[in-house]
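Colleague: My questions concern the predicted model and sequence given below.
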Amino acid sequence: MSTATVLLRALTAVGLAAGLAVACNVDDILIGAPCESADDCPNLNCVRTPSEEASGNAGRCSETTTCVPGEQEGCVATSDGSCPSFELFPTEDEQGRAFCCPDGDGTRTVVGVSDDGSTAECFLCPSCPSSQEPCSAGDDRCEVEDGAPCGCRATDAAIEDEPCDDDTTCGGGFACVRTLEQMAEPDEPEVAEQGVEAGQCRPEDDANCVGGAQVGCLLPSGGSCQGSTNRVDVGSLSYCCPDSTSTDFIQLVYATTTDQSSAACTACSRRACENDAGDLTEPQCTALTDPSCIVDDGFCGCPPLEG
């Protein structure tokens, strides 16, 4: 065998060995490479978190079936709670578990954690103004864009005691509470029907009128009437009735609810009842403000003359 033949065979053997080495190292080279499907990772797994799929970002080729902690969007953070990838930031879920989420215009939020707690979907919830707070889709009063898992809602403090037309005006978790005075009910004889007035939004677990701050509501002991209302005593109880629009009239209570928590008021004349001399100088009354009041028609009457 000639020297040239021996040399050629030797070079061929070296080339084959190098080729086999390169082929064997292809898998190692692909580990950690971006991927969108298994076709991108021959002999490996394309591990793509739910968050990467939702945002349209690539996953990673891996020898295992789990994401790389701290390195993939939506993957759990490293054991020390950090995200080494400069594009990702630790973001805690409601249970305090940290996942790696991208930053952006909004509030980083973790949603849809997997059963094993290894991955989650990251979402940028809208930044809420000072009068509102973040909320999840399905929460009371939570306003979300189509398909979004989170949004903003008015805080309970911003809703409570606000004027309302009905329960819908207040939103979930609150009820529109009206006193008897604020409901559509008969009033002065010359007014066929008193229109419905605005109520106040109250928490569903405390759906009572606000004493002192809501017209017609029972006034707590030691309380005072606020706004354009005045205190009217009914026996040992007191209510807040509207200010009289004329000095010729006074506002008196003529009806209460069964539980006496709220009342309806009416305008009675200040000088329409006779005194002992027969002069119309005495104020009128109602059957509630004065049990002896003689009411012939309507809601106002006169106390009996002495003697």
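Modeller: All right, it came through fine.

Colleague: Show me the helices in the protein, by range?
Modeller: 3-30, 50-55, 156-159, 167-170 (DSSP state H).

Colleague: Would you indicate which residues of the third one are buried?
Modeller: Translated: helix 156-159. When burial is assessed from 16 or more other C-beta atoms under 10 Å, helix 156-159 yields the following buried residues: I159. Just so you know, the C-beta spots here come from the backbone N, C-alpha and C atoms, and that holds for glycine as well.

Colleague: from the chain's centre, how far out does that helix sit?
Modeller: 9 Å (C-alpha atoms, centre = their mean, to the nearest Å).

Colleague: low-scoring stretches of the chain, by residue?
Modeller: Of all residues in the chain, those with pLDDT under 70 make up the ranges 1-27, 184-195, 307.

Colleague: Name all residues that make contact with the residue lying closest to C201 once chain neighbours are set aside.
Modeller: Nearest in space to C201, with sequence neighbours left out and distances taken as C-beta to C-beta, 6 or more residues apart in numbering, is C170 at 3.8 Å. Contact criterion C-beta atoms under 8 Å, 6 or more residues apart in numbering gives I159, E162, C164, C176, C201, R202 as the residues in contact with C170.

Colleague: again with Q284
Modeller: The contact partners of Q284, by C-beta under 8 Å, 6+ apart, come to I250, L252, C268, S269, R270, A272, C273, C300, G301, C302.

Colleague: do you know how far the residue nearest to C201 is from Q200?
Modeller: Taken as C-beta to C-beta, to the nearest Å, the spacing of C170 relative to Q200 amounts to 9 Å.

Colleague: where do the contact lists of the two overlap?
Modeller: Where contact means C-beta under 8 Å, 6+ apart, the residues bridging C170 and Q200 through contact with each are E162, C164, C176.

Colleague: Show me where the stretch 101-250 of the chain has its strands.
Modeller: 107-111, 121-125, 132-136, 150-154, 163-164, 174-177, 199-203, 229-234, 237-242, 249-256 (DSSP state E, counting those that start in this stretch).

Colleague: Tabulate those in TSV, adding columns for mean neighbour count and distance to G212.
Modeller: As requested, these are arranged in TSV below (neighbours: other C-beta atoms under 10 Å; distance: least, C-beta to C-beta, whole Å):
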stretch	mean neighbour count	distance to G212
strand 107-111	19	39
strand 121-125	21	39
strand 132-136	17	28
strand 150-154	20	24
strand 163-164	16	16
strand 174-177	22	14
strand 199-203	21	12
strand 229-234	17	8
strand 237-242	24	6
strand 249-256	22	15
